[in-house]
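Peer 1: take this sequence and fold it.
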Amino acid sequence: MKPHHRPFALYREISIVSLILLFIAFLLLLLVGISLTIIKAIYLIRVYSTATSDQPVTSIATELRFGVWGVCATSALNPPPWWTNDGECFGPSLGYDIPSSITELVGVDASLVQVALKGLLVILILHLVAAGTSLAALIPAMCLGSHALAIVALVLSIITALLGTVIFGVDLALVLTLKNELPNLSSQIDLGIDFGNGIWMVLVAVILTWVAVITLSARACYCCGVRRWVSDALVHYQPSLLIW
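Peer 2: Residues are numbered from 1 along each chain as shown. Now for the predicted structure:
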């Protein structure tokens, strides 16, 4: 009888690939979920002044970076590097507020800020829930030799992928809405709005999770060479079949 080592090896291969994908997705979602001001390098929205002036650069705030837990105001004199933010930060807090003195310095109207804050409050909950479901999917993904656990991992991964897709859509819609409504929401025309790095981190997490859904589906549906008769061989243990 021919050895059946390849299907058994596929359990390990699919499990390893799925674990790596889900772990990276979990890490990215978690980092975004605890973004600025907890992790100051990660933010979702950047609002900045585009006005040019012949005056010397000062410490007056010219940029706001919105995160899930707060906002940081920085100036051209002290621009934030990619790994941190040394500006004046407010938070971390749930449903944080920004002093009007800061928004007036940047030239941002209060209505623009309120639109951003309301959207971020909804996103906060979704980010953390998606990170939690991604973490929950990691546990059964370690034991894909069990068909039941493979199905559990698949279901949790699908939930995570759907949540991540919704989160990315909300993030994207929030920034695009602010961009489109900028002339109506702000009296200051010399303003720009950009996507934060946190939005792209969510996108990568969504892509990785959907790939994990595909690999877990292959296991749960006995595709890619993983067949039910292999599971039967495990039940009817025969040393000649267990060639790894």
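Peer 1: how close does the residue positioned nearest the centre of the chain get to residue 67?
Peer 2: With distances taken as Cα atoms, centre = their mean, residue 202 lies nearest the centre of the chain, 2.9 Å away. Per Cβ to Cβ, to the nearest Å, residue 202 is found 13 Å from residue 67. Just so you know, the C-beta spots here come from the backbone N, C-alpha and C atoms, and that holds for glycine as well.
Peer 1: now residue 167
Peer 2: From residue 167 to residue 67 the distance is 14 Å (Cβ to Cβ).
Peer 1: contacts only, for the residue nearest to residue 45 when sequence neighbours are not counted.
Peer 2: Nearest residue to residue 45 in three dimensions, chain neighbours excluded: residue 66, at 4.2 Å (Cβ to Cβ, 6 or more residues apart in numbering). Shown in contact with residue 66 (Cβ atoms under 8 Å, 6 or more residues apart in numbering): 36, 43-47, 116-117, 120, 196.
Peer 1: filter these to the buried ones?
Peer 2: Neighbour-count burial (16 or more other Cβ atoms under 10 Å) is assigned, among the contacts of residue 66, to 36, 43-47, 116, 120, 196.
Peer 1: check which element follows the strand or helix carrying residue 117 along the chain.
Peer 2: According to DSSP states H and E, residue 117 maps onto helix 110-141. Once the chain leaves helix 110-141, the next helix or strand it forms, by DSSP H and E, is helix 147-185.
Peer 1: buried ones in that next one?
Peer 2: 149-165, 167-168, 170-171, 174-175, 178, 182, 185.
Peer 1: do stretch 205-217 as well
Peer 2: For stretch 205-217, by 16+ other Cβ under 10 Å, it's 205-213, 215-217.
Peer 1: isn't residue 161 right up against residue 208?
Peer 2: No. With contact defined as Cβ atoms under 8 Å, residue 161 does not count as touching residue 208 (9.2 Å).
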